[in-house]
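*Asks:* Any chance you could fold what I've pasted below:
(2 chains)
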Amino acid sequence: MSAATQPMAPGAGTPAPADGSERARGDLLAVLEPIWQAIVPVILAIVASGILLAVIGRNPFDFYDAILHNGLLTDFGVQQSVTRMATLLLIAGGLIVAFRANLWNLGGDGQWLLAAAFVAGLAPSVVASLGDGLGLAVMIVVGCVVGALWTVVPAFLKAEYGVNEIISTLMMNFIGIALANILVKGPFLTDRPGVPRTDILDLDDRLPLLGNTQIHIGIVLAVAVMLALHYTMTRTPLGLRLRVLGANPRAALHLGLRPKRLTYIAFGASGALIGMSGAVSMLGDWGSFRADFNPAYGFLMVPLVFLARLNALGTIAFVGLFSVIQIGGDTATRQADLPTDFILVLVGLLLFFMTITEYVRIRRAQRSAYVPRGLGAGVKTAVGSPAPGAGAAREGPA
Amino acid sequence: MSITSDTTPAVELRGITKAYPGVVANDDIDLVVYGGEVHGLLGENGAGKSTLMSILSGMVQPDAGTILVNGDVERIDSPHAAFDLGIGTVYQHLTLVPTLTVLENLMLGSHELRLDVAGARARFAELAGMLGARIDPGALAGSLSLGELQQVEIVKALWRDTRVLILDEPTSMLTPQGVAELEAVMTRLKERGIAIVFITHKLHEAIEIGDRVSILRAGRRVGGIDPHELHAASPEAIRARIVETMFGEAAAQLAGVAELEVRVEQIEEAAPDRELAHEAALELVDLSVHGGAGEMGVHDVSLTAHRGEILGIAGVDGNGQRQLAEAICGQRTIARGDIRLAGRSVRKLGVPERQRRGVRYITDDRIHEGTVRDMTVSMNTVIKRIGQAPFWKRGAIREREIDAFAQELVDRYEIRTPDLRTNIGKLSGGNIQKVVLARELAFDPTLVVYNKPTYGLDVKTASFVRAQIREQADQGVTAILISTELDELLALCDRIAVMSGGRMTGIVDNGRDAHARVGELMLA
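*Replies:* Residues are numbered from 1 along each chain as shown, chains lettered A, B, ... in the order given. Model prediction:
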């Protein structure tokens, strides 16, 4: 073969633009894609659990009707779901901050329980002496501070010695849970007989309710926090710094971002939001911390925030759905004479299918190869313009 | 296409086409690879070399075209299938697990239930002997030098009965000695009848090492040179023809491409006796820096760089150059000594403060350190100015300002990106480097540390980068140019300091005998 130099247009052309409708349709698909991503696994999980229900002799339609009815369609159910959502959203927010910085705060349960124990133990006397408004505000701050303080040890170990925070936060969970129980059975123990618990906060002294409902203002706080979080993460310098640290710690060092300080900030903010959730739950829902109480919300939120791709707004939708299933499922399982754990099967299947869908999406994105119609007649027209995206193709499959 | 050999080609690609959204990476490419031959595959970044080889190694499926292995049409739908057909690939990036031993790494792909350690050891000895490599199979992969790691990668690619070996830019991370060793290895493999596809963007390597050269441009095979032609014509004539083929006739006349291969003869005019100011821009006083885990530190380095000077730092990779660069830019704390900028000590200042004083650092690891690959091109242009006006105002990002700034840089530096909002990780290496360069040279730098700025770049981008370094120096910006390519230093620098074993072994004024004296100092 001999050198055959074909005449070619010099290198700086641009690719033939795709025609308008083509592009519009592409954009629409791109916008709808995340919605499909969310709906497909829900349908699959519903179908799969339905089959499971049918196999064990329950009517799946009745069961789902009960979930929907008790979680969303009755006044009581929807109010309960929204109340639960407040607690879960704040935890999810806390996880997002840490995960964005690629810090695996898996100590959410310890932070949550410890904050809850402190708040429940102190609230009756503090609210009595400071009055409702100020007292409740102070107690929410106390929750934040306790949650944040419980992250100091893992943050220090991570920042100074690079100790794996997955291990350290998990270990801190055990200590936190035990400590919360010690507090409740010791200094914060109520004088009243019965199960060991803290003094009960009077119903009148709890978080104010919204209008005529049983929903306390925790949901307003939680949604406001999520919106602020979204803004912080996407628009502010701090959010960008945390994201850079998460995406590429070496680059963070190169850019002069002080990774140590950011590690403390991310951990602290994460713990504070989770602690706030504990405080809101105590001040709004329970009014008292019972010994050995552990709803383990922290771990439930981990897969949810990832499936929302650490997007605070997306998380609101996921957590809303999750709350309805949790609240509605509680009654539905009882009505269907199933253990309440069945609801975990449904949630587990949901997470399972979400993961599968995500996997398929990534595979498709990697494997997809097609000649866009704009390039239709071929291949030849596009070749004269080597530039834009040639690199993408080159690096893409590697 | 005339076939020069009677034997069946080891691999033949016919009409390979592969399109990605918005770009045709490979367009109707024919390529023939014979046993016992090195087939040099030459092309700019983004010309489609890697895509073509990904297709041959089963990583990517072509949209059209056929692949013949030993004359039979085959479907290579996975890397595994490629391996079964005797096609082994050494990727540009290392694939060994650093915490496993060499032998364990090689046995990772084993399908046996029990690992055959003795068999693996024997196979390793056989292949290492074939390559002429002396490597302890029990050593941890993480403890080997880059050259040794690459030899292990080659052993890994040859592990099964490999007849075709693909080397994807194997020289990009090697010292000149390492390249020579690799060349010897390739010669031995050739003698065994193994076909080698050698991907490179360095002209002289393709000509010197290759028996046959194919040139890709914009996804097409635009030319090739047969073995007999390669031997018949003079290297200069071949080089001229390849340049013309790679970049088009017009491009060959561009000033940038004319200095493609910087030769020592050109140095007289390339590095003129520029009138230098005598203001000291940067002074290092008895500087010592810790090297970090398993790396060479810096010991008692003293030097002065003047305003507008290009001061080269020569030396084999890994002799403390990176530590020196990081110390100057504030990324690494110094153990002893002092760093002065325009007479004022900056040893206590962090990266942002030094940046504000005009210090810039072009890191040698543009992909893992210099940029955040999952962020957009736009964002990567301002990532060193987070929170600063005009890109942030009252704590909120101003995307329009950022995009405008990025667009200006993209235009000025001719950065090829589909879009400002494309993630930078999707660009080719050369374009990523242009983004880094554009970002660092913006906003009035006074001192720029270039760490191997042309490493791994195609010739055109490399000469663009060199032109930028010179232009900046002409405007009074001081440059510290760290490079392992002596020719590059001789072409650009006013003076060249030599580092060896973390120490400064000497400093040479660039001139007629600089080449020899730098060489002596490197061995010192």
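*Asks:* Can you classify residue 228 as helix, strand or coil?
*Replies:* The chain I'm using is chain A. helix (DSSP: H, G, I helix; E, B strand; the rest coil).
*Asks:* before we move on, which element is A:Leu44 in?
*Replies:* Assigned by DSSP states H and E, A:Leu44 belongs to helix A:20-55.
*Asks:* Any figure for the gap between the residue lying closest to A:Leu346 once chain neighbours are set aside and B:Leu127?
*Replies:* Leaving aside its sequence neighbours, A:Leu346 sits nearest to A:Ser49 (CB to CB, 6 or more residues apart in numbering or on different chains; 4.8 Å). Backbone N, C-alpha and C define where each C-beta goes, glycine included. A:Ser49 sits 54 Å away from B:Leu127, going by CB to CB, to the nearest Å.
*Asks:* Could you do B:Val90 as well?
*Replies:* Note on B:Val90: its distance to B:Leu127, by CB to CB, is 13 Å.
*Asks:* Which one of those two is surrounded by more residues?
*Replies:* B:Val90 (23 against 20; other CB atoms under 10 Å in any protein chain shown).
*Asks:* and the more buried one, backbone torsions?
*Replies:* When read as degrees, to the nearest 10, the backbone of B:Val90 gives phi -110, psi 110.
*Asks:* which residues does it form a beta bridge with?
*Replies:* B:Leu167 (DSSP bridges).
*Asks:* my guess is it contacts B:Ala157, does it?
*Replies:* Yes: using CB atoms under 8 Å, B:Val90 is in contact with B:Ala157, at 5.0 Å.
*Asks:* Kindly point out which residues are neighbours of both of those two.
*Replies:* Counting by CB atoms under 8 Å, 6 or more residues apart in numbering or on different chains, the shared contacts of B:Val90 and B:Ala157 are B:165-166.
*Asks:* in chain A, which residue is closest to the centre?
*Replies:* The C-alpha lying nearest the average C-alpha coordinate of chain A belongs to A:Val305 (CA atoms, centre = their mean; 2.9 Å).
*Asks:* Report pLDDT for that one.
*Replies:* Looking at A:Val305, its pLDDT is 89.
*Asks:* Nearest residue to residue 342 in space, please, no chain neighbours.
*Replies:* Let's take chain A. A:Thr333 (5.0 Å).
*Asks:* wrong one, chain B
*Replies:* B:Ala281 (6.2 Å).
*Asks:* Now do the same contact list for that neighbour.
*Replies:* B:305-309, B:341-342, B:446-447, B:478 are the contacts of B:Ala281 under CB under 8 Å, 6+ apart.
*Asks:* Export these to JSON lines and append columns for pLDDT and secondary structure.
*Replies:* Output for the contacts of B:Ala281, formatted as JSON lines (pLDDT from 0 to 100; DSSP: H, G, I helix; E, B strand; the rest coil):
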{"residue": "B:Ala305", "pLDDT": "92", "secondary structure": "strand"}
{"residue": "B:His306", "pLDDT": "90", "secondary structure": "strand"}
{"residue": "B:Arg307", "pLDDT": "89", "secondary structure": "coil"}
{"residue": "B:Gly308", "pLDDT": "89", "secondary structure": "coil"}
{"residue": "B:Glu309", "pLDDT": "91", "secondary structure": "coil"}
{"residue": "B:Leu341", "pLDDT": "91", "secondary structure": "strand"}
{"residue": "B:Ala342", "pLDDT": "88", "secondary structure": "coil"}
{"residue": "B:Thr446", "pLDDT": "93", "secondary structure": "coil"}
{"residue": "B:Leu447", "pLDDT": "94", "secondary structure": "strand"}
{"residue": "B:Thr478", "pLDDT": "93", "secondary structure": "strand"}
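*Asks:* can you pick the most crowded of those?
*Replies:* B:Thr478 (28 neighbours).
*Asks:* beta partners for that residue?
*Replies:* Applying DSSP bridges to B:Thr478, the residues it is bridged with are B:Leu447.
*Asks:* I figured it was touching B:Arg307, is that so?
*Replies:* Yes: using CB under 8 Å, B:Thr478 makes contact with B:Arg307 at a distance of 5.8 Å.
*Asks:* The residue most central in space within chain B and B:Leu203, how far apart?
*Replies:* The centroid of chain B falls nearest to B:Gly456 when counting by CA atoms, centre = their mean (1.8 Å). For B:Gly456, the distance to B:Leu203 (CB to CB) stands at 15 Å.
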